[in-house]
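Trainee: okay, predicted coordinates and the sequence, questions at the end:
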Amino acid sequence: MTQTGLVIGGGLAGITAALALAEQGFPVHLVEKDNSLGGHGQSLLKTWQGEDIRAFVEQVVQRAESHPLVSVYLQSTVLEAEGFIGNFKTTIRTADKTEVVEHGATIIATGGHELQPEEYNFGRHPNILTSLGLDRTIATDSERLKDVRAAVFIQCVGSREPERPYCSKVCCTHSIQSALRLKELNPDMDIYVLFRDIRTYGQREDIYREARSKGIAFIRYSVDQKPRVEIIDNKLSVSLIDQMLQVEVQIDADLITLASAILPPKDGQLFARLYKLAINEEGFFQEAHAKLRPVDFATDGVYMAGLAHGPKPVEESIAQAQAAAARAAALLATKSIFTSAVVAHTYPNYCTGCGVCMEICPFGASGFDAETGKAQINPAQCKGCGLCVASCRSGALNLKGFDEAQTFAMIDEALA
């Protein structure tokens, strides 16, 4: 066992996981493609409970950069990866420098990104923003918003559509938060939230009630009759059919905020190929089991955290990162790897080197011996599924405990 961890992604989830491993005494390599740590946490303002996200990000970034066991790689990318649980080798490129690091466990925390909408005239008017764009405006130019007379929030922009059937989970809470901030800047501002379904789950229901009590209007629309945004003489107008009253509503807006979808990581396919990982239909990483192994991949020794797994708020990303670090630490604390007894093995004399076993193995356990050119099975990666055994045309592969002699012996005994 190589008692070192690798964390790919330097957002809040990645930093949390790296610190959790380092504070338990394990060296950690933290790889980030941007020129600074923090990820989307640098753009967000506060959690729904009012906690300052930026201040927290600055604190954890400082801890990570100063921790003696955390090696930070900025503006770095992963080129290649090989190996198996306990003995991975990953090639990292930083500028013109390439380095191979050895590690026993890998945590994927590559994050997600915000959809840039193509509807609602986004990009054609400076006052049509996304949720993160409004956050940046509140943080850097809040004076500009004090003169806004009417603000409109449009929910489910790009989410819960045929091409993206999933809910982005954080949008309803984020929009209501932003609406309450605008009310603080200008209590006389008229604010409208146009929604399909409000999903402020759990205790987040409190801020929904607060918004209603402060006069923020919620108008429901259907997916078949989406709001229409028009720009007339550089002024914004929003019209829609109110599903409760079945009447058309028109709003002259000074500011429109689009709650756009959270998209999966752009480099998800790359890491899926390098580490033999599963990806779901939406493009997010797929856990081994939603209930029993929620932060594990099917590939042993590789774990996930944060938006790379799916849309989630800050506190859930941090909790998942801590869970992934706990799983990785439990692995790194061992000094040896114990494999299953039921794994495939090779009879080299029968092997023709056709490579079918390599193509069919879902775990990357099959490969060629560099010296003999014959197939060989890595027992640490093999799950004993038997696919390679069934596909081998020359009979060079067998499953321990289930080879032909044993199988026929069981049949003879059963029929005796």
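Mentor: It's in.
Trainee: Ala321: how many residues sit nearby?
Mentor: 29 (other Cβ atoms under 10 Å). C-beta coordinates here come from the backbone N, C-alpha and C atoms, glycine included.
Trainee: nope, Ala179 is what I meant
Mentor: Ala179 - counted by other Cβ under 10 Å - has 25 other residues nearby.
Trainee: repeat that for the one 4 residues further on.
Mentor: Counted with other Cβ under 10 Å, the burial measure for Lys183 works out to 18 neighbours.
Trainee: isn't it up against Met189?
Mentor: Yes - between Lys183 and Met189 there is a contact at 6.4 Å, judged by Cβ atoms under 8 Å.
Trainee: quick check: buried residues in stretch 398-416?
Mentor: 398-400 (16 or more other Cβ atoms under 10 Å).
Trainee: quick one: which of those residues is nearest His289?
Mentor: Closest approach to His289 among these (Cβ to Cβ): Leu399, at 23.3 Å.
Trainee: would you list the phi and psi of the closest one?
Mentor: Backbone geometry at Leu399, expressed as degrees, to the nearest 10, gives phi -100, psi 120.
Trainee: and if you look at Gly10?
Mentor: Torsion angles at Gly10 (phi, psi; degrees, to the nearest 10) stand at phi -110, psi 30.
Trainee: burial count for it?
Mentor: Neighbours of Gly10 (other Cβ under 10 Å): 27.
Trainee: and the closest residue in space to it that isn't next to it in sequence, what does it touch?
Mentor: Distances taken as Cβ to Cβ, 6 or more residues apart in numbering place Glu32 nearest to Gly10, at 2.9 Å, with adjacent residues excluded. Shown in contact with Glu32 (Cβ atoms under 8 Å, 6 or more residues apart in numbering): 9-10, 14, 72-76.
Trainee: in CSV: the residues you listed, plus secondary structure, pLDDT and distance to Thr407.
Mentor: Formatted as CSV, those follow (DSSP: H, G, I helix; E, B strand; the rest coil; pLDDT from 0 to 100; distance: Cβ to Cβ, whole Å):
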residue, secondary structure, pLDDT, distance to Thr407
Gly9, coil, 95, 46
Gly10, coil, 95, 51
Gly14, helix, 96, 47
Val72, strand, 96, 53
Tyr73, strand, 96, 50
Leu74, coil, 95, 55
Gln75, coil, 95, 55
Ser76, strand, 95, 50
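Trainee: so how do I select the buried members of those in ChimeraX?
Mentor: Burial among the contacts of Glu32 is assessed by 16+ other Cβ under 10 Å; the matching ChimeraX selection reads:
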select :9,10,14,72,73,74,76
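Trainee: among the contacts of Glu32, which two are most distant?
Mentor: Gly14 and Gln75 (14.9 Å).
Trainee: please pull out the lowest mean pLDDT helix or strand from the protein.
Mentor: strand 366-368 (a mean of 88; mean pLDDT, DSSP states H and E).
Trainee: any residues touching the host helix or strand of Thr16, and which ones?
Mentor: Element membership for Thr16 (DSSP states H and E) is helix 12-22. Contact with helix 12-22 is made by 5, 7-8, 28, 30, 32, 37-41, 57, 60-61, 63-64, 67, 69-70, 107, 109, 111, 305-308, 314, 317-318, 320-322, 324-326, 328-329, 332, as judged by Cβ under 8 Å, 6+ apart.
Trainee: got it, and stretch 371-379?
Mentor: By Cβ under 8 Å, 6+ apart, stretch 371-379 touches 84, 339-340, 343-346, 348, 351, 353, 355, 357-358, 365-369, 388, 396-397.
Trainee: stretch 309-324 too?
Mentor: 11-14, 16-17, 20, 41, 44, 47-48, 53, 107, 109, 112, 166-170, 173, 262, 282, 284-285, 287, 294-295, 303-307.
Trainee: type out the PyMOL command that picks the buried ones from those residues.
Mentor: Of the contacts of stretch 309-324, the buried ones go into a single PyMOL selection, burial set by 16+ other Cβ under 10 Å:
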select buried, resi 11+12+13+14+16+17+20+41+44+48+53+107+109+112+166+167+168+169+170+173+262+284+285+287+294+295+303+304+305+306+307
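Trainee: good, wrapping up.
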